[in-house]
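Asker: the following comprises the amino acid sequence and a computationally predicted model.
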Amino acid sequence: MAIRNSVLRYGSVAMTLHWLIAASVLVNLGLGLYMADLPRSDPSRFMFFQTHKSIGLTVLVLSLLRLGWRLVNPIPPLPRGMHPLLRLGSRATHFIFYFMIIAIPLAGWAMVSSSPLGLATPYFGLFSWPNIPFLADLPRATKMQNVDVFLTTHALLADLTIGLIGLHVMGALYHQFLRRDDVLRRMIPGTQVNDPA
Ligand code: HEM
């Protein structure tokens with residue numbers, strides 16, 4: 001399978017990044033919503049928080065790689081004959097997704113960097129992922145205000161992303177079952193793609 005995208009389908013790099021990020025975002029949405037409701041006294045809370053942070057920071061790195069790859073490697077065009085409004089909707093959804101998968105982890109990282117506790121993130125227990133120095137060095141009172149702002153932003157963007165995922169999946173199913181074109185297949189490894197897009 002080709003590494004780069006072609007006019008017919010996505011290449012192996014774009015597909016790997018797409019599915020890795022999709023799975024990680026889904027896991028982290030579930031984990032985030034679950035752990036945020038745990039009582040502070042719950043003994044597993046700390047472990048869930050560290051795992052959530054490590055997965056989220058991985059999403060940040062993968063998303064930046066994905067954006068870079070996208071910029072140097074054009075994606076296959078949408079099929080001809082699609083209604084202009086659907087084209088616009090599709091492009092807009094993808095653009096907002098790129099924003100979300102970078103902004104959500106950044107807001108999370110900014111939140112923990114602003115915590116007065118000042119603890120770095122033990123990245124999957126392998127090494128210490130530093131806090132953002134500019135935020136970590138602010139006065140304590142400012143940091144406490146910032147935690148609130150970044151937590152609200154983090155949670156709001158995550159909630160909006162749940163709706164966005166719904167739209168994205170509906171779009172994929174529309175292509176697969178109503179239009180019966182290759183738009184979903186060309187993102188799935190090992191599938192046959194015939195449509196000249
Ligand atoms: C794709 C990446 C991420 C997603 C989808 C995500 C999603 C979420 C969600 C849904 C919540 C629950 C919010 C609520 O309703 O209160 C949450 C909480 C949290 N997230 Fe993330 N997150 C991501 C990345 C990160 C990163 C990179 C960090 C830090 C390095 C982080 C740190 C936290 C913390 C500390 C909380 C708990 C806040 C609290 O309740 O005190 N997250 N996240």
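Answerer: Yep, it's here.
Asker: and for Ser114, the neighbour number?
Answerer: Burial of Ser114 is recorded as 24 neighbouring residues (other CB atoms under 10 Å). C-beta here means a position set from N, CA and C on the backbone, and glycine is covered the same way.
Asker: so it is in contact with Leu135, correct?
Answerer: Yes - shown here, Ser114 and Leu135 form a contact pair, counting by CB atoms under 8 Å, at 5.1 Å.
Asker: joint contacts of those two?
Answerer: Residues touching both Ser114 and Leu135 comprise 143, 146, with contact defined as CB atoms under 8 Å, 6 or more residues apart in numbering.
Asker: which residues does the residue nearest to Arg9 when sequence neighbours are not counted contact?
Answerer: Ranked by CB to CB, 6 or more residues apart in numbering and with sequence neighbours excluded, the top spatial neighbour of Arg9 is Arg186, at 3.7 Å. By CB under 8 Å, 6+ apart, the contact list for Arg186 reads 8-10, 76, 193.
Asker: pLDDT score assigned to Arg186?
Answerer: Note on Arg186: pLDDT of 95.
Asker: what's the closest non-adjacent residue to the residue most central in space within the chain?
Answerer: Compute the mean C-alpha point of the chain, and by CA atoms, centre = their mean the closest residue is Ile101, 3.1 Å away. Spatial nearest neighbour of Ile101, excluding adjacent residues (CB to CB, 6+ apart): Ser63 at 4.2 Å.
Asker: tell me the phi and psi of the one you found?
Answerer: Backbone torsions for Ser63, taken as degrees, to the nearest 10, come to phi -70, psi -40.
Asker: against the ligand, how distant is it?
Answerer: 8 Å (CB to the nearest ligand atom, to the nearest Å).
Asker: list the contacts of stretch 110-130.
Answerer: Contacts made with stretch 110-130 from outside it, assessed by CB under 8 Å, 6+ apart, are listed as 50-51, 53-54, 57, 131-132, 135-136, 138, 140, 143-144, 146-147, 150-151, 154.
Asker: so which of these are also by the ligand?
Answerer: Near the ligand, judged by CB under 6 Å from any ligand atom, the entries from these are 53, 57, 151, 154.
Asker: how far does the longest helix seen in the chain sit from the chain's center?
Answerer: For the chain, the helix reaching the highest residue count under DSSP state H is reported as helix 140-173. With CA atoms, centre = their mean, to the nearest Å as the basis, helix 140-173 stands 11 Å off its chain's centre.
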